[in-house]
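K.L.:
below are the sequence and a predicted model; questions follow.
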Amino acid sequence: MDCGMAQDTTVPKLNFEYWLDKAIEWGQATTLESQKDVCLHLPQLQEFLHQLYETIKHLQGSTVAIQQFPLIGQLLGRLCWNPFVIGYDESQKTLMWCLCCLYSSEPQNAVELKANSWIRSLLCHLLCSSKWESNEAETSTFISVLGYTSADYYCHLVKNMVVSLVTELRENQFHGLNIQESTSASRVNAVSIFCVPLITLPDLIPLLETLLLYHGGSSKEILSSEFLEAVNEAFLKKKISLPESAVFSLWLRHLPSLEKATLHLLDQLFSIQLNSLEEVACVIKDSLLPQAASHPAVFRIVNEIFKNALMETDGTSEVVTIIQVFTQLFLQVHQNENKQHNFPLKAYFPHHHQPLVRSLIRRPFELPTTYWSQHLKHISDMVKALVEDTNVSSLTDLFEIWFLVACFGEWLDVAAEQLLKAAVEPDAVLWLVAFYYCPKNENQQRNQTMITETTDTSKEVYNLLTRTAYRLNHSGEENQRTMKLLNELLQKLTFKV
């Protein structure tokens, strides 16, 4: 590419022809003359490679990059085979990142397929050329096999290297860290950084899993944040598949990844219709977040993000429904796995009234239907006592009580059903439903101010019926007539919402 073409863009001027001429002139730097010249130019070359990476990292795949920079393949290919270039400072890493930018995750044609194959072979070559270890005897055994350069051996070399590193890390973990703790930690960190541009290579998965489950003696995080972010990104975009234990470990050791995963789930759920909670439940389960939330730290963070989403959307019923389905799925996991982990309820809800939590956590299908009214009255009495407590002075306290009740929405739906069936309106149940819909109003006003605009009312009814259909579907009861009626009502309401 000539220099004039790059001047029209906002990126720094990239002198491709100059550096390609240099790369051709240097070859593989076998003469003393060429070696001296390479060494003289290495700092400027590294700066050029960094600018190149910054320029192409937003381009999608090899086709676009080659259209914009026709000489890029020749240049990168030659530089990758120059031992002086790849041995200097961060040049090797930057070359890898540039190659990864050219890699097409979904190749559209034969050219992109061929480019992908070429990129993989260059990455493997760089991987083999890496200064992985110091000269310690115990780690040099597997390095001796890395002298091969034939393309036939590349895939075997990557597999060999991954197997060797996995073995080394697992032995380190098993025997515990000795006096060389700091060396081991820095080595593990270096391995994690080196994996960043190769995250999506299938052969690397065992190494990713081992790194994510690796905990040295240090209290500080030893894996690089770039590695953790890159793994999370690849997992969320379904570019890699990881065992659940590795994903849970990633989220526990790197809070930004957990936050990103939760926001990614919300984005997914907002893009689908909430007319089938079965589909919503499937998407939530697929995210692995309810399973990860069996650890109290994960549960509390996810719950906090949901709470913020609810406030930002002014308490929209779609978000409430999502939170309720998530809570139900979490409860299933918690009840199934509690024998293993045995975390007390207080660990998940540390600042809430524990008797209320225990009552809300009991799901309707666990109790006989004849006991529902009594259980609801018990819940309502506790909520009322908390709300009317003189210590509950701020709106924040009130919101926390309301949010807890809202999370366990099955009981609110049952309360609404009970009101529809009852000949006389039971005060306690009516108060609970009124509090749910109008928590900020004074007690005497609650009865007069339930749900005001027609569109909001039909939305609330629609969501109530959707949740009821989902609950009846999972309760195991024979409710064919009720389900038929619910589905008819839902079809009619779909047009109004």
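P.N.:
The structure has been received and is ready for your questions. Numbering: from 1, shown residues only.
K.L.:
run a quick neighbour tally on the closest residue to Ser276 other than its chain neighbours.
P.N.:
Leaving aside its sequence neighbours, Ser276 sits nearest to Thr466 (Cβ to Cβ, 6 or more residues apart in numbering; 7.9 Å). The way it works is simple: take the backbone N, C-alpha and C, and place the C-beta from them, glycine included. When neighbours are counted by other Cβ atoms under 10 Å, Thr466 registers 21.
K.L.:
ok, Thr466 touching Glu278?
P.N.:
No. In this structure, Thr466 is not within contact of Glu278 by Cβ atoms under 8 Å, at 10.3 Å.
K.L.:
is it true that Asp381 touches Ala428?
P.N.:
Yes. Contact criterion Cβ under 8 Å: Asp381 and Ala428 qualify, at 6.3 Å.
K.L.:
which one's more surrounded, these two?
P.N.:
Ala428 (17 against 14).
K.L.:
mind checking how far the helix or strand containing the more buried one is from the chain centre?
P.N.:
According to DSSP states H and E, Ala428 maps onto helix 427-437. Put simply, helix 427-437 sits 37 Å off its chain's centre (Cα atoms, centre = their mean, to the nearest Å).
K.L.:
just list the residues touching Pro206, thanks.
P.N.:
Taking Cβ atoms under 8 Å, 6 or more residues apart in numbering as the contact definition, Pro206 lies against Val162, Val163, Val166.
K.L.:
where does the second one fall, helix, sheet strand or coil?
P.N.:
Same thing as Val163. State at Val163, reduced to three classes by DSSP: H, G, I helix; E, B strand; the rest coil: helix.
K.L.:
which residue packs closest to it, ignoring adjacent ones?
P.N.:
Computed as Cβ to Cβ, 6+ apart, the closest residue to Val163 that is not its neighbour in sequence is Pro206, at 7.5 Å.
K.L.:
can you tell me how far that neighbour is from Glu25?
P.N.:
41 Å (Cβ to Cβ, to the nearest Å).
K.L.:
ok, Leu32 to Ala23 distance?
P.N.:
18 Å.
K.L.:
what about these two, which has more around it?
P.N.:
The neighbour comparison of Leu32 against Ala23 (other Cβ under 10 Å) goes to Ala23, with 22 against 8.
K.L.:
tell me the contacts of the closest residue to the more buried one other than its chain neighbours?
P.N.:
Leaving aside its sequence neighbours, Ala23 sits nearest to Arg78 (Cβ to Cβ, 6+ apart; 3.9 Å). Counting by Cβ under 8 Å, 6+ apart, Arg78 makes contact with Leu20, Ala23, Ile24, Trp26.
K.L.:
where does Arg78 sit, in terms of helix or strand?
P.N.:
Assigned by DSSP H and E, Arg78 falls in helix 72-80.
K.L.:
past that helix, which element shows up next along the chain?
P.N.:
Immediately after helix 72-80, counting by DSSP H and E, sits helix 83-86.
K.L.:
can you spell out the domain ranges of this structure, please?
P.N.:
1-131, 143-253, 282-494 (automatic domain parsing).
K.L.:
biggest separation within the contacts of Arg78, which pair?
P.N.:
Leu20 and Trp26 (10.8 Å; Cβ to Cβ).
K.L.:
what about Val280, distance to Asn303?
P.N.:
17 Å.
K.L.:
neighbour count winner among these two?
P.N.:
Val280 (24 against 21).
K.L.:
who touches that one in this structure?
P.N.:
Residues in contact with Val280 (Cβ under 8 Å, 6+ apart) are Leu269, Ile272, Leu274, Thr321, Ile322, Val325.
K.L.:
before we move on, what SS does it have?
P.N.:
From three-state DSSP, the assignment for Val280 is helix.
K.L.:
for it, give its distance to Pro290.
P.N.:
Val280 is 12 Å from Pro290, by Cβ to Cβ.
K.L.:
and if you look at Ser241?
P.N.:
With Cβ to Cβ as the criterion, Ser241 and Pro290 are 19 Å apart.
K.L.:
and the strand or helix carrying His375, what's buried?
P.N.:
Per DSSP H and E, His375 falls inside helix 372-387. For helix 372-387, burial by neighbour count (16 or more other Cβ atoms under 10 Å) applies to Trp372, Ser373, His375, Leu376, Lys377, Ile379, Ser380, Met382, Val383, Leu386, Val387.
K.L.:
next one: stretch 310-328
P.N.:
Buried, per 16+ other Cβ under 10 Å, within stretch 310-328: Leu310, Ser317, Val319, Val320, Thr321, Ile322, Ile323, Gln324, Val325, Phe326, Thr327, Gln328.
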